[in-house]
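> Could you look at this predicted model? Sequence included:
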Amino acid sequence: MTRYTPAEIEARWQAAWARDEIFKAVRSADKPKYYVLEMFPYPSGRIHMGHVRNYTMGDVIARYKLATGHNVLHPMGWDAFGMPAENAAMAIGGHPKDWTYGNIEDMRDQMKPLGLSIDWSREFATCDPEYYGQQQALFLDFLEAGLVYRKNAQVNWDPVDMTVLANEQVIDGKGWRSGAEVERRELTQWFFKISDMAGELKDALEGLENWPAKVRLMQENWIGESRGIEIPFERTDGGGTILCYSTRPDTMRGASFIAVSPDHPVSKALEGSNPELTAFIEDCRKMDTTEAAMEKAEKKGIDTGLRVKHPVYESVELPVWIGNFVLMDYGTGAVFGCPAHDQRDLDFARKYDLPVRNAFYMPGGETEVGTEALVPAKTEKVVYIDHFAGLGETTSQDGIDATIDYFEANDLGKGQTKYRLRDWGLSRQRYWGCPIPVVHCDDCGVVPEKKENLPIELPYDVSFDVPGNPLDRHPTWRDTACPTCGKPAKRETDTMDTFVDSSWYFARFTAPDAETPTSMEDAAYWMNVDQYIGGIEHAILHLLYSRFFARAMRITGHLPQGTEEPFDALFTQGMVTHEIYMTRDERGRPVYHLPDDIHWTESGARLGADGPMVEVVPSAKMSKSKKNVVDPVNIISAYGADTARWFVLSDSPPERDVEWTAAGAEAAFKHLTRVWNLCDRIGAMGKDAKGEGDEDLLRAMHSCIHDVTMGIESFGFNAAIAKLYAFTATLQKSKASHAAQREAVMTLAQLMSPMTPHLAEDIWAHQGGQGLIATAPWPKADQAMLVSDTVTLPVQVNGKRRAEITVPTDLPKEEVEKAALADQAVIRTLDGASPKKIIVVPGRIVNVVV
RNA sequence: GCCCGCGUGGUGGAAUGGUAGACACAGGAGACUUAAAAUCUCCAGGCGGAAACGCCGUGCCGGUUCGAGUCCGGCCGCGGGUACCA
């Protein structure tokens, strides 16, 4: 008897796959193509369990598609630009480029032993000049097509470090390194005009049938289409009008104030005129720029002293307030407040003693609004009071529509469809990103770089010992000639948001060496991605940006028609989570520790055997910043890749988060050893050995083929594996003939091959299979072997299970009813009562209702 | 705050509106063994009962249905996103 030695088996078969180049993707007309892609990793330095889970799932699909006769494209690359590389350079010295490429080397070395069916010849990193140079070409084409523009926008500014901070670097309103109170500062920045496509991006969601409904819903809400109206309110001081946007113009009667954003032109004009008001606006500027911070902050305001006329009730004047809760980016940056029918407005009105006036009541009751605003569903009927357009009892939705019509007819306002989606700011004041290929010329202004000068490469000789963007203070890099007039000019020092890098890499994979961003021939053949797999945390931004990019690339001639939605099917896997271990430094800030460094003692978790106690924070997504990561390399070296792969697939449903625990890998290894031993035993049988129960074994086999195939197709990997466990047990106990057992074990190996490809190859070879199992045709379930003659039905009385009957599968309903009523347990439960109704669901259940 | 999910034994989880707890981990008992490991067999939601069996049970409250873990409404808890983390 031989032993299961994964290290040896896995190396051997990986070499065999490489030798035959079976994973190399080549265009071919004789097979249907299948493009499977997992979201590419950020090269943090170590692969973690989330990666193993993600890439193993993709690999199962890729290998299954290969076995079912597809021409598979399954590439891998690196999302290599980003902040952590600069942070590492600041923290430990070194260069972001060296750090990143070193990490890529390490991670590739850790990933390759997993035996993924990847075409490594297509690998690239987004920080390769060959990639980001093409990205710069795309930028120039987008610019020419009017898809990119510049405008002012606010950033988090650290006044001590004199640098722009990412939201993640702002902790409780303070800079993470300096501890200084962060201010908002306005900079001129580059934007993609994604808002122009808002309606289309929303409408097209409906066609994404193979996307999770939750992702489509999240995107729809994010785009946030709303039908409303823009209403100009005339200032009483003759200073013009203030344009307000409202989705509830039907509540106009209840309007009791106007609120404008602190960034609104009205606010800016008043700033400095009055110390109190100036202080208020300055205070608003200290708030984080994040939506969450603004929404959670206490709602505050200040009366500007300005007044506007109510557009309908002309005798009414409304005060104009500045409100810290009004966003300049949404609508017109000004709203009218109707406290009776909006909770936020009501809280605001109660706080500042503003009037609360109903625009409607619920039918049958004129109740006054207290601390809760009256906000019924739009489909509910309400009774409008003294409505200018003559509305009485109707739904809010009808009220809104009628009001918009009335306002438009009387030239009081204009109906508008607006979106919450804002344009995509792509400028970053950082070094480690794709340089924006434009030049600032004193005479010609902002000038696009010439394509022949691409790539505009990052300089290597930079330092991170002082805060700020090293490109800004580089002695010569900025100096260039204006592409238009040739005079000395300065390069743009902003680099691109890393989301740009990941918004088109899937297209680049179809022709990674092309001299242009894409090759139309290759894109036409390989696009779209048939199955995209990645974390749910990317449900909105990455996927929405990629959808925008696909459209923009279509418009600029970089992708063929039909690629506007680049991902035909999407699967969002859950995250791998782990407890977080934390101590605090002398300033009370958290310091995180790796699970490997934690020692569990009777008194709790310690850092090292006698070290300080560690605070255990509940499980969260494994992330480098929280250090709650587990190293899969240990598991691979202890048990082999097949065990690691089997384990991550078997333990929980792929879309759900999984809490990592060390237990379980051992069990997976034991099972694979059992399968190995089984193959060994069958191999040792006499070729002509007869036995009993061939039919039963083959029936179980066909049922397993069916269930595993369905499981793989529906991402039910854990359920598929449960079936494989059961079938293995059946085969282990089987006394069938050698021929039947050999067929069974070879089929078992095939069904396992997407999950444990190395072990499967070995069993296949051991049993004398032809060629590689990876390219052997996928087994088909014989329908005739799946049906049985009899079926066991549970019998319920009033919905509670009381008995079981076994009847012929094709027994007519009336006969099933008779059989159920004849059952002793049913008779006992009925206790003489006569059934009112009997429900027979063929093949499933019988329910007797009394 | 807002948007989107999730919640089932000691644990991970299974279950087209149709027998809740498949499969596995941890646990218990047994076989083999001088012994241990390994392997194999069996038990195992809770309460009551010798057993047959009965009652309860899928975060909480209510509803729809012959029948609800699954659908609907309202809560609670946890997680993801919240536009400069990727």
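Received the coordinates, thanks.
> Identify the residue nearest the geometric centre of chain A.
Chain A has A:H538 as the residue nearest its centroid, 2.2 Å off, counting by C-alpha atoms, centre = their mean.
> Now do the contacts for it.
A:39, A:572 (C-beta atoms under 8 Å, 6 or more residues apart in numbering). The way it works is simple: take the backbone N, C-alpha and C, and place the C-beta from them, glycine included.
> Quick check on it: phi, psi?
phi -100, psi 10 (degrees, to the nearest 10).
> Could I get the CA-only coordinates of the helix or strand harbouring A:G415 as PDB?
Using DSSP states H and E, A:G415 sits within strand A:414-418. C-alpha atoms of strand A:414-418 as PDB (Å, rounded to 0.1, in the frame of the first residue of the first chain):
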ATOM      1  CA  LYS A 414     -39.200  72.800 -13.900                       C
ATOM      2  CA  GLY A 415     -39.600  69.100 -13.500                       C
ATOM      3  CA  GLN A 416     -36.200  67.400 -13.300                       C
ATOM      4  CA  THR A 417     -34.800  63.800 -13.100                       C
ATOM      5  CA  LYS A 418     -31.800  63.900 -11.000                       C
END
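> Would you tell me what the next helix or strand after it is?
strand A:424-425.
> which strands and helices sit next to that next one?
The helices and strands touching strand A:424-425, judged by 3 or more C-beta pairs under 8 Å, 6 or more residues apart in numbering; DSSP states H and E, are strand A:183-192.
> rewinding a little: residues contacting the strand holding A:G415, please?
By C-beta under 8 Å, 6+ apart, strand A:414-418 touches A:199, A:225-230, A:245, A:330-331, A:404, A:407-408.
> What is the burial count for A:D631?
Look at A:D631: counted by other C-beta atoms under 10 Å, it has 16 neighbours.
> Would you check that it makes contact with A:H51?
No: in this structure, A:D631 is not within contact of A:H51 by C-beta atoms under 8 Å, at 11.0 Å.
> would you list every one of the strands in the stretch 51-200 of chain A?
Under the criterion DSSP state E, counting those that start in this stretch, the stretch 51-200 of chain A carries strands at the ranges A:71-73, A:148-158, A:163-165, A:170-171, A:174-175, A:183-192.
> Each with direction, which strands does the longest one pair with?
Which is strand A:148-158. strand A:163-165 (antiparallel), strand A:183-192 (antiparallel) (DSSP bridges).
> Adding mean neighbour count and mean pLDDT, write those strands out as a markdown table.
Below are these laid out as a markdown table (neighbours: other C-beta atoms under 10 Å; pLDDT from 0 to 100):
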| stretch | mean neighbour count | mean pLDDT |
| --- | --- | --- |
| strand A:163-165 | 21 | 93 |
| strand A:183-192 | 17 | 94 |
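> Tell me where the stretch 651-800 of chain A has strands.
Using DSSP E, counting those that start in this stretch, strands in the stretch 651-800 of chain A cover A:658-659, A:790-797, A:800-808.
> Compare those strands and say which comes out lowest on pLDDT.
Averaged per stretch, pLDDT over those is lowest on strand A:658-659, reaching a mean of 68.
> The stretch 551-700 of chain A: helices as residue ranges?
A:632-639, A:641-650, A:665-684, A:694-713 (DSSP state H, counting those that start in this stretch).
> What are the buried residues along the first one?
Buried residues in helix A:632-639, defined by neighbour count with 16 or more other C-beta atoms under 10 Å: A:632-633, A:635-636, A:639.
> the inter-axis angle of it versus helix A:641-650?
120 degrees (axes from the mean of the first three to the mean of the last three C-alpha atoms, to 10 degrees).
> What ranges in chain A fall below the confidence cut-off?
Scanning chain A for pLDDT under 70 picks out A:1, A:576-581, A:587-590, A:595-596, A:598-605, A:609, A:615-630, A:659-663.
> Now do stretch A:763-781: everything it contacts.
Contacts of stretch A:763-781 with the rest of the structure, by C-beta under 8 Å, 6+ apart, involve A:16-17, A:20, A:22, A:63-64, A:66-69, A:117, A:675-676, A:679-680, A:682-683, A:702-703, A:705-706, A:709, A:742, A:745-751, A:753, A:757, A:760-761.
> From those residues, keep the buried residues only.
For these, buried by 16+ other C-beta under 10 Å: A:17, A:22, A:63-64, A:66-68, A:117, A:675-676, A:679-680, A:682-683, A:702-703, A:705-706, A:709, A:742, A:745-751, A:753, A:757, A:760-761.
> what about the residue nearest to A:S256 when sequence neighbours are not counted, which SS state?
Once flanking residues are discounted, A:S256 sits nearest to A:P355: 4.4 Å by C-beta to C-beta, 6 or more residues apart in numbering. Secondary structure assignment for A:P355 (DSSP: H, G, I helix; E, B strand; the rest coil): coil.
> For A:L570, list the residues it contacts.
Contacts of A:L570 (C-beta under 8 Å, 6+ apart): A:208, A:210-212, A:215, A:531-533, A:543.
> swap that for A:E181, sorry
Contacts of A:E181 (C-beta under 8 Å, 6+ apart): A:159, A:173-174, A:286.
> can you pull up the bridge partners for it?
A:K174.
> separation between it and RNA strand B?
17 Å (C-beta to the nearest atom of the strand, to the nearest Å).
> just A:D642 next, same as before
From A:D642 to RNA strand B the distance is 16 Å (C-beta to the nearest atom of the strand).
> surely that residue meets A:L672?
Yes: counting by C-beta under 8 Å, A:D642 does reach A:L672; the two are 5.9 Å apart.
> Which residue comes closest to A:R357 once chain neighbours are left out?
A:G254 (4.6 Å).
> Could you do A:F464 as well?
A:A89 (4.3 Å).
> quick one: contacts for the one you found?
Applying C-beta under 8 Å, 6+ apart, we find A:A89 in contact with A:95-96, A:99, A:464.
> so which of the helices of the stretch 551-700 of chain A gets nearest A:I721?
Closest to A:I721 of these, according to C-beta to C-beta: helix A:641-650, at 4.3 Å.
> For the closest one, list every residue counted as buried.
Buried residues in helix A:641-650 (16+ other C-beta under 10 Å): A:641-650.
> again, but for stretch A:648-667
Neighbour-count burial for stretch A:648-667, with 16+ other C-beta under 10 Å as criterion, is recorded at A:648-652, A:654, A:658, A:660, A:665.
> which two in these are spaced the farthest apart?
Longest span within those, C-beta to C-beta: A:P654 and A:A665, 17.7 Å.
> Just list the residues touching A:R551, thanks.
A:197, A:200-201, A:564.
> Those residues in helices, which ones?
Among these, the ones falling in helices (DSSP state H) are A:200-201.
> Switch the contacts of A:R551 over to TSV; also include neighbour count and distance to RNA strand B.
Output for those, formatted as TSV (neighbours: other C-beta atoms under 10 Å; distance: C-beta to the nearest atom of the strand, whole Å):
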residue	neighbour count	distance to RNA strand B
A:M197	22	12
A:E200	14	16
A:L201	23	11
A:E564	20	20
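> Out of the contacts of A:R551, the closest to A:V848 would be?
A:L201 (53.6 Å).
> ok, the closest one - contacts?
A:194, A:219, A:223, A:421, A:544, A:547-548, A:551.
> what do you get for A:G843?
A:G843 touches A:791, A:793, A:809, counting by C-beta under 8 Å, 6+ apart.
> give me that answer again for 10 Å
A:791, A:793, A:807, A:809-810, A:816 (C-beta atoms under 10 Å, 6 or more residues apart in numbering).
> now swap in A:E276 and tell me
A:302-303.
> just to revisit the earlier point, touching both of A:D642 and A:L672, which residues are there?
Contacts common to A:D642 and A:L672, judged by C-beta under 10 Å, 6+ apart, are A:4, A:6, A:752, A:756, A:758-759.
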